[in-house]
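Colleague: sequence and predicted structure are below.
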Amino acid sequence: DEAWRFGASLKSPTWMEEFEANGVDENGLPRSNRIDVDLPLILSVGASYDGWENWLLALDVRYLDFANTDGFGDDAYFDQTGALNGLDYSSVVAMACGAQCELTERWTLRTGYSFNQNPIKNSEAFYNIASPLQFQHMLNIGSSVGFTDCLSANVAYSYAFENTRSGQVILPRVGPVPGSTFDNKLDVHLFSFGLTVSQ
């Protein structure tokens, strides 16, 4: 059926050399800071359907293997120097679906929704306080308008619903602070605009 299309991709892990930076310790003495971090294996599968006139529907499912990736998947704890060993991310599945409708020859509307599991457990929240907090639910709407055969404008709005990770404060060489709690929250409003010029 020509209305259906399927695709898949496999992105291998990205292995990087150890990052090194010169710094100072709490006493002002020289210190070499090192971090060994890679990017995860990503497996994606997707499908689309355009069997209805002027409509296109799409679905994408993706697996990100954080748990077996240096840096992201390493156990989270402070070593004897106070350095963080890893982030202890879990591997996650992400899903995105979308629809596009061509209202006229020059005007197209789009909407989409995405969901992904959160790789950060509440028990590891404090170790990830400086990491980008992950959103789990995002809603997107957008439109394209063609002014001429060579010029079109694209506008989109995305909202990532509030996501929270809560945990206990953990100090190097001390451990969890009794009775302490903190919340790390994120929500995102994103507006984008672009012009496309073709020949």
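Modeller: Right, received. Where do you want to start? Computed from a prediction, not measured in an experiment: that's the story for all the values here.

Colleague: could I have the helix or strand in which residue 163 is found exported to CSV, CA atoms only?
Modeller: Using DSSP states H and E, residue 163 falls within strand 151-167. This file holds the C-alpha atoms of strand 151-167, laid out as CSV (Å, rounded to 0.1, in the frame of the first residue of the first chain):
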residue,chain,number,x,y,z
LEU,A,151,9.1,31.9,-0.2
SER,A,152,7.3,30.4,2.8
ALA,A,153,7.1,31.1,6.5
ASN,A,154,7.0,28.5,9.3
VAL,A,155,5.8,29.1,12.9
ALA,A,156,5.6,26.7,15.8
TYR,A,157,4.8,26.6,19.5
SER,A,158,5.8,23.9,21.9
TYR,A,159,4.9,23.4,25.6
ALA,A,160,6.7,20.8,27.8
PHE,A,161,4.4,20.1,30.8
GLU,A,162,5.9,20.6,34.2
ASN,A,163,8.1,17.7,35.4
THR,A,164,9.5,17.4,38.9
ARG,A,165,12.2,15.3,40.5
SER,A,166,12.4,15.3,44.3
GLY,A,167,14.9,13.9,46.6
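
Colleague: buried sites along it?
Modeller: Going by neighbour count (16 or more other Cβ atoms under 10 Å), the buried part of strand 151-167 is 152, 156, 158-160, 163, 165, 167. Heads up, the C-betas are built off the backbone N, CA and C, glycines and all.

Colleague: quick one: what helix or strand has the nearest residue to residue 111 once chain neighbours are set aside in it?
Modeller: Nearest residue to residue 111 in three dimensions, chain neighbours excluded: residue 141, at 5.0 Å (Cβ to Cβ, 6 or more residues apart in numbering). For residue 141, the host element (DSSP H and E) is strand 137-146.
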